[in-house]
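Peer 1: Compute the structure for the input listed below.
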Amino acid sequence: MKKHLLVLFFFCLQVSLWAQVKNEGIPTIRNYTQKDYRAASQNWAIVQDHRGVMYFGNNAGILEFDGSNWNIIALTNKTNVRSLAIDKKGRIYVGGQDDFGYLVPDKQGLLTFVSLKSQIEEKYQNFDDVWKIYPASDGVYFCTVSAIYFLQNDKIKVYQVPADKSEVAFFVQEKLYVPVLGKGIYELKQEQMVLIPNSEAFSQHVITAMIPAAENKVLLVTEQEGMFLYDGYSHFESWGAEVKNFLAKAKVGTAIALSEGYAIGTSHDGLLLIDNNGLPRQHLNRDKGLQNNTIRSVYQDNAGNLWLGLNNGIDYVEINSPFTLFNIKNGLPGTAYASLMDKDRLYLGTSDGLYYKTWSNSESPLQPSTFRLVENSQGQVYNLQKLAGHLLLSHHNGAYEIINGQAVKLAEHRGAWLFLPLKAHPGYLICGTYSGLYLYKLVGGQVQYQGKMTGFNESSRVIEEDEEGNLWVAHGYKGVYKIRLDPELRKVQQVNFYNEEHGFPSNLFINTFKIGGKLVFAGERGVFVYNKATDRFVPHEEFSRLFNANVHVRKLVEDQNSNIWFSAGNEMGMLRKQANGSYEVEKNAFNKMNGKLVGGFEHIAYYDRSNVLFGTDEGFVHYHPSFLQTSNVDHVFYSLIRRVEASAEAADSLVYAGAFSNNGYVTVGQSEEDIPELPYSFNSLKFTFGAISYNDVEDMQYQYFLEGHDKNWSPWGRALQKEYTNLKEGNYIFHVRARDIYNQESTAAMYQFKVSPPWYRSILAYAFYGLLGLGLLGLTKQQVGRHINKTKMKLELEQAKALRLQEAQHAEEVLKAEKEIIKLSNDKLENELNLKNKELASSALHVMHSLETIEKVRFQLQDVIDHVNDRDALHQLRKVLKSVEEEIKFENNWEQFELHFNQIHEDFLKRLRDDYPELTHRDIKLCAYLRMNLSSKEMASLLNLSLRGIETSRYRIRKKMNLEQEVNLTEFILKY
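Peer 2: Numbering: from 1, shown residues only. This is a model prediction of the structure:
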């Protein structure tokens with residue numbers, strides 16, 4: 001009960017303070033440029049549907065945005081869109097130039113514009129821009145400067161304005177107001193335009209907004225004359241004096257009511273946020289992160305943040321966040337390292353120097369105090385401490401004291417990390433430096449340098465003092481040193497070194513912190529305490545339960561309430577101290593800071609319930625612990641399936657475009673009639689999805705599951721698409737859900753579809769298969785009958801065959817005897833053939849020898865003729881030589897040989913010439929000798945060739961016969 005009362009107290013306290021409008025620093029701003037949304041520059045209207053999807057009225061049409069993907073919906077006449085609105089049922093109404101209507105999903109889920117112009121009487125169909133649309137309880141108002149068009153029960157009534165042209169109309173608390181220059185403000189009552197009493201005072205003012213105010217009043221916002229409260233009857237009073245001059249110069253263009261105040265968009269100086277009392281709380285312009293200073297439209301989404309439609313671009317401003325920034329846009333350059341709040345002054349130390357400004361949580365953004373550089377502090381700042389009333393600065397250039405807005409150097413040594421007051425020696429300070437320890441003393445209200453402590457020269461960036469007066473110096477890459485100073489503080493008396501040999505997991509990233517007055521030590525993994533009895537380090541019992549054993553605890557900071565702020569791994573959070581002394585881990589609220597602290601120099605500084613500062617590479621993040629978000633980290637958001645495409649024949653076909661329909665209204669769920677049945681050729685699908693959340697969208701993770709195909713949900717990942725190929729026929733449901741940076745899961749989106757079987761597995765195909773089976777069954781029956789008849793006939797034939805078999809066996813025995821006789825005859829013939837071959841070979845060899853002898857005689861005769869001079873003898877010798885030459889003509893001998901050879905070998909040579917006409921005479925002779933199975937030596941002698949010549953001739957014959965390499969030439973000739 002006490003806890004609830006405490007929460008209620010803090011809630012009332014915070015609301016009473018500033019009603020949630022945060023003014024410290026600059027909120028996170030995300031810029032969307034023309035290149036992002038690929039449309040025209042100007043954006044006139046903004047609305048969000050019940051799913052969370054954003055819509056923007058752009059000069060090119062309606063921009064649809066789901067956090068990841070942009071889409072353009074064009075009007076029928078392709079004109080610009082000036083106004084958007086959504087009714088309670090979720091229908092989005094659109095106003096353009098000379099046309100208005102609404103959006104409705106088509107059969108594929110694609111939002112299309114439906115014009116209502118045809119329902120207007122013809123004489124009223126000519127109008128200019130529809131500047132505002134207001135859904136009311138009984139209809140919808142479409143407002144132009146010449147008339148008001150009221151849609152009710154599918155019919156449109158027209159109310160003429162009481163002048164040729166009016167200003168933009170406004171709808172507040174179910175009342176329609178029409179300002180008319182030169183006359184005043186009219187209210188539509190009982191279908192008549194009635195002038196509001198005393199509104200003539202505004203006849204020369206351009207009213208840019210009329211929005212709800214407290215106590216059922218109406219806030220009038222003029223372009224340059226400030227703001228007024230209207231009581232709903234006849235009384236007007238000036239309001240918001242603190243911002244009147246600013247609004248007059250900035251020229252108000254639009255304004256909306258927020259849950260915590262008002263947002264005013266100007267034409268010349270960006271956005272102004274004021275609270276419910278009219279006090280300025282936040283001012284944003286181009287210098288502070290907006291794309292430009294001209295704001296055409298403002299909208300607060302369901303997460304409590306603002307969308308700004310600009311003259312060129314769209315900006316998203318996270319005003320509903322406890323985190324804001326101090327960086328270069330506030331005049332604070334560099335990476336953040338140190339901070340200090342000293343009364344009404346805030347000091348921030350960066351890599352560029354030490355800066356300060358007057359500090360107040362109620363500072364007016366229209367008169368902000370600026371950051372100023374502390375003189376002589378340029379360069380790297382490491383630490384800033386207030387000790388004994390002295391503001392001490394640890395700097396790359398050495399040790400300084402801040403006196404009267406200047407940094408005064410205390411000594412000539414360089415590289416100061418921090419100061420540590422010695423409890424065992426009051427009035428003395430140890431300064432840890434790049435090269436050891438230096439001693440300072442407080443003397444007469446001054447900090448005096450005493451000298452270097454000898455005996456220790458290691459870099460001393462982290463120092464803590466234990467209860468016994470020992471100094472512990474942690475070195476991130478070596479280990480930790482326990483140092484004992486001599487009583488006179490002149491030197492280091494004793495140094496004990498500890499590393500992985502003393503209980504730490506490694507020598508790296510060892511650090512020390514003081515929690516609850518006692519030292520704890522962090523290693524590369526885990527948190528430890530020193531055991532004096534064993535002179536070793538052992539795991540910290542409680543912190544070992546609170547932190548993962550494998551995580552590197554980078555920073556531990558204890559605040560005034562005994563809560564511990566930590567940085568561990570890439571995460572940041574807080575250990576909240578409970579009444580029983582235990583701790584409760586809180587991390588989700590700080591997930592936005594994960595991975596953003598400066599590595600190795602993590603800065604976390606808690607000052608009070610309104611001010612906590614974190615150091616990042618981009619500057620300081622201001623955290624307001626008691627900031628009451630309109631939608632906290634436990635918010636509900638949707639995941640939506642934005643597109644389904646089917647791949648068929650190397651082309652993608654759109655199946656679903658992102659919006660389910662229920663009687664023409666956009667809905668989240670899929671109805672039965674929206675379930676598509678896809679042909680089998682469309683069995684490869686690509687799903688595009690997204691979470692409808694606009695904070696830290698780059699850290700959103702997704703998980704999907706195709707029911708009917710997958711067994712389990714997929715692992716979490718950042719992909720926004722999933723493809724499935726070659727799905728079997730059947731019913732499927734694709735599920736997808738998201739998890740945001742705060743580990744909150746979205747509601748799951750589902751898309752149900754059916755894949756039809758291929759034609760050969762369709763119902764018609766199976767019917768055909770059934771008919772075919774019946775036909776085959778009948779045919780089988782017929783075949784079986786035929787088979788039975790054949791079997792009977794076969795048995796009768798077998799009996800007849802049995803009789804004939806006996807006769808056949810007898811005939812076979814007779815045939816075997818005859819075959820034996822034929823075989824003997826063939827063997828005899830083969831022997832005779834071999835004998836004749838031998839005779840032919842012998843004859844051929846004999847002839848060859850004879851020819852050789854006659855050749856020798858011819859050569860001798862030739863030699864004699866060359867030496868005979870007697871003419872008669874020479875004539876006789878030549879006649880003898882001619883006779884010898886005629887005798888040795890081999891052709892006559894070969895023809896005789898060939899005749900005998902063909903007789904023996906069944907015209908072998910004749911067939912060979914017919915089949916292979918390319919064979920030469922010598923090739924034919926060689927084939928004949930191969931047929932006779934002569935040896936290579938015998939064939940060389942007969943052909944008067946060498947053995948190599950025989951091989952060459954054999955190769956040439958094989959080539960002419962086109963024989964494969966594996967075919968043996970001799971075997972081929974023998975079988976030919």
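
Peer 1: ok, Ala765 - how many residues close by?
Peer 2: 13 (other C-beta atoms under 10 Å). In this view, the C-beta of every residue, glycine as well, is placed from N, C-alpha and C.

Peer 1: Counting neighbours, what do you get for Glu467?
Peer 2: Neighbours around Glu467, by other C-beta under 10 Å: 10.

Peer 1: I meant to write Ser626 there.
Peer 2: Neighbour count for Ser626, taken as other C-beta under 10 Å: 13.

Peer 1: Pull the contacting residues for the residue positioned nearest the centre of the chain.
Peer 2: Taking C-alpha atoms, centre = their mean, the centroid of the chain lies closest to Ala719, which sits 4.3 Å from it. Contact analysis of Ala719 by C-beta atoms under 8 Å, 6 or more residues apart in numbering lists Tyr702.

Peer 1: pLDDT at the residue lying closest to Lys329 once chain neighbours are set aside, what is it?
Peer 2: Distance criterion C-beta to C-beta, 6 or more residues apart in numbering; nearest residue to Lys329, sequence neighbours excluded, is Lys288 at 5.1 Å. If you check Lys288, the pLDDT there is 95.

Peer 1: Correct me if wrong: Lys288 contacts Gly331.
Peer 2: No. Counting by C-beta atoms under 8 Å, Lys288 stays clear of Gly331, with 10.4 Å between them.

Peer 1: Can you pick out the residue with more neighbours from these two?
Peer 2: For Lys288 versus Gly331, neighbours defined as other C-beta under 10 Å are more numerous around Lys288 (19 against 15).

Peer 1: The more buried one: what's it in contact with?
Peer 2: Contacts for Lys288 (C-beta under 8 Å, 6+ apart) come out as Ile26, Ile29, Gly270, Lys329, Asn330.

Peer 1: contacts for the helix or strand hosting Val94?
Peer 2: Using DSSP states H and E, Val94 sits in strand 92-96. Contact with strand 92-96 is made by 45, 47, 49, 55, 57, 62, 75, 77, 79-87, 100-103, 113, 129-133, 135, 140, 142-143, 666, as judged by C-beta under 8 Å, 6+ apart.

Peer 1: gap between the residue nearest to Gln42 when sequence neighbours are not counted and Pro917?
Peer 2: Nearest non-adjacent residue to Gln42, counting by C-beta to C-beta, 6+ apart: Asn59, 5.1 Å away. The gap separating Asn59 from Pro917 is 91 Å, by C-beta to C-beta, to the nearest Å.

Peer 1: Comparing these two, which shows the higher neighbour count?
Peer 2: Set Asn59 next to Pro917 and count neighbours by other C-beta under 10 Å: Asn59 wins out with 16 against 8.

Peer 1: farthest pair in the contacts of Lys288?
Peer 2: The span of the contacts of Lys288, defined through C-beta to C-beta, is set by Gly270 and Asn330 at 14.8 Å.

Peer 1: For the two, indicate the residue with more neighbours.
Peer 2: Taking neighbours as other C-beta under 10 Å, Gly270 and Asn330 compare with Gly270 leading, 25 against 21.

Peer 1: list the contacts for the closest residue to the more buried one other than its chain neighbours?
Peer 2: Distances taken as C-beta to C-beta, 6+ apart place Asn285 nearest to Gly270, at 3.1 Å, with adjacent residues excluded. Applying C-beta under 8 Å, 6+ apart, one finds that Asn285 lies in contact with Asp269, Gly270, Leu271, Asn293.

Peer 1: which among these end up buried?
Peer 2: Buried subset of the contacts of Asn285 (neighbour count, 16 or more other C-beta atoms under 10 Å): Asp269, Gly270, Leu271, Asn293.

Peer 1: quick one: which helix or strand includes the first one?
Peer 2: When you say that, I think you mean Asp269. Using DSSP H and E, no helix or strand contains Asp269.

Peer 1: Once you drop chain neighbours, what's closest to it?
Peer 2: Asp269 sits nearest to Ala250 (C-beta to C-beta, 6+ apart), 3.8 Å away.
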